[in-house]
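# no sequence on this one, just coordinates:
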């Protein structure tokens with residue numbers, strides 16, 4: 001059970017036998033990819049303990065204050081997973097998030113009661129009708145019909161794939177295809193299970209002959225990209241690709257931690273990063289398969 005920060009700190013002092021069980025900066029790397037949380041954390045609200053002294057997995061209640069002035073208590077794990085698929089800064093503040101998404105009013109429908117029969121009051125009320133509707137079986141997930149009927153693992157050109165939005169990603173693609181003579185222009189892989197209403201996934205770069213997908217990940221302008229539940233979606237995507245007999249290399253910037261065994265942590269994309277990526281491709285498929293495609 002999560003405990004107050006003062007009690008948690010005193011317990012760690014006792015168990016470690018040290019006045020400062022976690023020196024300042026101990027967990028700087030773990031929090032560096034969450035700039036929005038760094039802005040919301042204030043040591044004066046947490047017994048003077050700075051955020052880099054708090055392990056991300058600690059079961060401790062910390063006090064946070066968003067930029068709008070809302071104060072709330074949450075554990076490190078709750079905060080790191082709160083953003084979900086949203087890009088707003090308010091996603092890390094539950095009160096701001098509720099204000100941004102006001103609850104929908106329940107529809108007021110009259111209950112038609114046949115003559116001579118009665119309906120319990122709980123069922124006749126709007127809340128009762130809402131409960132009955134919630135118990136109805138959900139409709140099956142609607143899949144996009146535009147995905148072609150291809151074998152699982154087959155790469156293709158998808159009309160549903162989003163357009164590249166990053167200039168660094170475009171540069172990475174140009175550098176990589178200048179170095180590797182593989183088939184360009186494909187942007188999707190057919191997968192076995194639905195992924196956000198599609199049976200296809202859209203890696204940033206596909207190397208069809210090697211069956212390797214390359215992803216470029218950064219935290220974005222507001223520090224909300226590829227963190228929290230968005231990182232969970234990245235892991236789902238990677239699992240779908242590996243189940244289709246593909247491998248994934250993620251180039252992680254902004255101090256994002258690796259998600260897979262072949263991911264690379266880079267401060268910026270450059271010639272050295274390209275060399276490291278080629279080495280990662282060799283580690284996955286072997287030099288005998290990769291080197292013939294090098295130009």
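In hand now; what should we look at? The structure presented is a predicted model; accordingly, all values stated were derived computationally and were not measured.
# Residue 211: what's its closest spatial neighbour, skipping adjacent residues?
Closest residue to residue 211 in three dimensions, ignoring its sequence neighbours and counting by CB to CB, 6 or more residues apart in numbering: residue 246, at 4.9 Å. Heads up, the C-betas are built off the backbone N, CA and C, glycines and all.
# Tell me how far the one you found lies from residue 208.
With the distance defined as CB to CB, to the nearest Å, residue 246 ends up 10 Å from residue 208.
# Of those two, give the one with the bigger neighbour count.
residue 246 (22 against 17; other CB atoms under 10 Å).
# Hmm, residue 43 and residue 62 touching each other?
No. Judged on CB atoms under 8 Å, residue 62 makes no contact with residue 43 at a distance of 10.3 Å.
# Who has more neighbours out of these two?
In this view residue 62 and residue 43 are compared by other CB under 10 Å, and residue 62 has more residues nearby, 26 against 12.
# residues touching the more buried one, list them.
Residue 62 sits next to 5, 41, 46, 54, 73-76, 79 when contact means CB atoms under 8 Å, 6 or more residues apart in numbering.
# Tell me which helix or strand it sits in.
strand 60-65 (DSSP states H and E).
# Indicate each strand paired with the following helix or strand past that strand and its parallel or antiparallel sense.
Note on strand 60-65: by DSSP H and E, the next helix or strand toward the C-terminus is strand 71-74. Partners of strand 71-74 in the sheet, by DSSP bridges, are strand 60-65 (antiparallel).
# what about the partner strand, distance to the chain center?
22 Å (CA atoms, centre = their mean, to the nearest Å).
# Looking at it now, give me its mean pLDDT.
Averaged across strand 60-65, pLDDT comes to 90.
# What of stretch 199-207?
Rounded mean pLDDT across stretch 199-207 is 96.
# go on, stretch 212-228?
Across stretch 212-228, pLDDT averages out at 86.
# Just the buried positions in it, please.
Within stretch 212-228, the residues scored as buried using 16 or more other CB atoms under 10 Å are 212-219, 223-228.
# And the spatially most central residue of the chain, how far from residue 236?
For the chain, the residue sitting closest to the mean C-alpha position, by CA atoms, centre = their mean, is residue 230 at 1.5 Å. Counting by CB to CB, the gap between residue 230 and residue 236 amounts to 11 Å.
# Stretch 242-250: end-to-end distance?
The straight-line separation of the ends of stretch 242-250 (CA to CA, to the nearest Å) is 13 Å.
# which residues in the chain form strands?
Listed from the start of the chain, the chain has strands (DSSP state E) covering 3-4, 60-65, 71-74, 155-156, 188-190, 200-201, 205-207, 212-217, 247-252, 264-265.
# Out of those strands, which gets nearest to residue 147?
Residue 147 lies closest, by CB to CB, to one member of the strands of the chain: strand 200-201, at 4.9 Å.
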